[in-house]
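Engineer: coordinates only, sequence not included:
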Ligand SMILES: C[S@@+](CC[C@H](N)C(=O)[O-])C[C@H]1O[C@@H](n2cnc3c(N)ncnc32)[C@H](O)[C@@H]1O
């Protein structure tokens, strides 16, 4: 980071940090630590890397590889996420019973760091609604979640206030709020250019509006995780004070080890955790765990008449072989597109389809063209795929990259038909092998452009 810090920011931080200011100012000139979090559904064991102490699946890397040129990145085997944010795993595991069936909402979810983490925490009988208000960002979120491969996820593109129809529906809500981004200055110099005192004030007010809008959707005794990637009190402690004044809440604590360097904030019954880069091997971050004590009526989503179209019996006879535990899935068809989701969520998905701007629900499975099934990319990424049913072509790195660039690949005339393309035996996508060439079915919009 070479740009100079905004003067008003530096002044506030000097007051906030006192004698630690110099260490902080030095730390934000240093490169950011690099870390990734593995997808437990796509790896058999975690490689021998330096673990991040507050998460079971996060690890530091000694240097930044070219993730774009690693096929396993595109296969959803891991997510590149800075370490501090992964503290949410520790906070939730200590305060939420993940054995239970839960309704979880990630309200400000793009590009998907917290949502992929939540997807790995909840059990298969739980439902994650992953929402992003900005349409273009909701598409990136959908892409990352499709790569993660879980089918108990609905991606929506709604405004927080739209969730007010769902009183007391969620056991857990994560509000990873849009913020002034002070914690990202060293990673993202644009965050520094956009910083101003007016923007901090604006962010703080917007954060209150978001929490106020979503509050009715949280169950009594439900947990709200409120987080930002900024240091200032206005967007953190003062917003927590505001929540405490407006609502009957309890701020929950979580144990931390002093070696982690996480600062615990306790002020007048308000609790939070702050991550400073001179103390923690991670970016700037702030997080609080809030239990709602007020009673709240609970919206029960009623079983509505199933209005989904369903595939023909002939199509279903083939499809059941493609999916593991197909008997537990609801298959639906819209025009030519077939998708599936867990049967247990049929009513919920009908409700969200009708009342929300749905981006994806469950897993896109296949397109039907004159009763011929063409597998969808999301199926290749799905943890429910029955890989044994398909022919496979395991590619070495150079070919796997050609495949991911959507280049045409030569065929030797064997393995005709739809094949799963894999790299190190992990699915990357589909190809239709013809006698003279391989039709590369990798999605054009996801192809890698880097040479
Ligand atoms: C800090 S980012 C979320 C990062 C994400 N949780 C992750 O871990 O990858 C905040 C998100 O809030 C969205 N956002 C912006 N304005 C919003 C608003 N008024 N209500 C809800 N979300 C908003 C932004 O588009 C952005 O995607």
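Structural biologist: Received, thanks. Since we're looking at a predicted model, the values are computed, not measured. Residues are numbered from 1 along each chain as shown.
Engineer: can I see the domain layout of the chain?
Structural biologist: 7-292, 301-386, 390-451 (automatic domain parsing).
Engineer: Correct me if wrong: residue 373 contacts residue 315.
Structural biologist: Yes. Counting by Cβ atoms under 8 Å, residue 315 is a contact partner of residue 373 at 6.6 Å. Yep, even glycine has a C-beta here, placed from its N, CA and C like the rest.
Engineer: Name the residues contacting each of the two.
Structural biologist: residue 338 (Cβ atoms under 8 Å, 6 or more residues apart in numbering).
Engineer: would a markdown table of the domains of the chain with mean neighbour count be doable?
Structural biologist: Shown next, in a markdown table, are these (neighbours: other Cβ atoms under 10 Å):
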| stretch | mean neighbour count |
| --- | --- |
| domain 7-292 | 19 |
| domain 301-386 | 17 |
| domain 390-451 | 16 |
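Engineer: Out of the ones you listed, the one nearest the ligand is which?
Structural biologist: Closest approach to the ligand among these is made by domain 7-292 (3.0 Å; Cβ to the nearest ligand atom).
Engineer: from the chain's centre, how far out does that closest one sit?
Structural biologist: Chain-centre distance of domain 7-292: 10 Å, with Cα atoms, centre = their mean, to the nearest Å.
Engineer: Quick one: mean pLDDT for that domain?
Structural biologist: On average, the pLDDT along domain 7-292 is 97.
Engineer: what's near enough to touch the nearest residue to residue 362 once chain neighbours are set aside?
Structural biologist: Among residues not flanking residue 362 along the chain, residue 341 sits closest, at 2.8 Å (Cβ to Cβ, 6 or more residues apart in numbering). Applying Cβ under 8 Å, 6+ apart to residue 341 gives the contacts 151, 152, 329, 330, 349, 361, 362, 363.
Engineer: Same check on residue 275?
Structural biologist: Here residue 275 is in contact with 84, 87, 183, 261, 262, 263, 282, 283, 284, 285, 286 (Cβ under 8 Å, 6+ apart).
Engineer: And residue 70, by the same measure?
Structural biologist: Taking Cβ under 8 Å, 6+ apart as the definition, residue 70 has no contacts.
Engineer: Show me what from this structure comes close to the ligand.
Structural biologist: 85, 108-114, 132-134, 137, 160, 176, 178, 206, 210 (Cβ under 6 Å from any ligand atom).
Engineer: Recalculate using a threshold of 8 Å.
Structural biologist: 81, 85, 106-115, 117, 131-134, 137, 141, 159-160, 174, 176-179, 181, 206, 209-210, 213, 228-229 (Cβ under 8 Å from any ligand atom).
Engineer: Restricted to helices, list those.
Structural biologist: Counting by DSSP state H, the part of the residues of the chain next to the ligand found in helices is 113, 114, 115, 117, 137, 141, 206, 209, 210, 213.
Engineer: Spatially nearest residue to residue 311 (excluding sequence neighbours)?
Structural biologist: residue 333 (4.8 Å).
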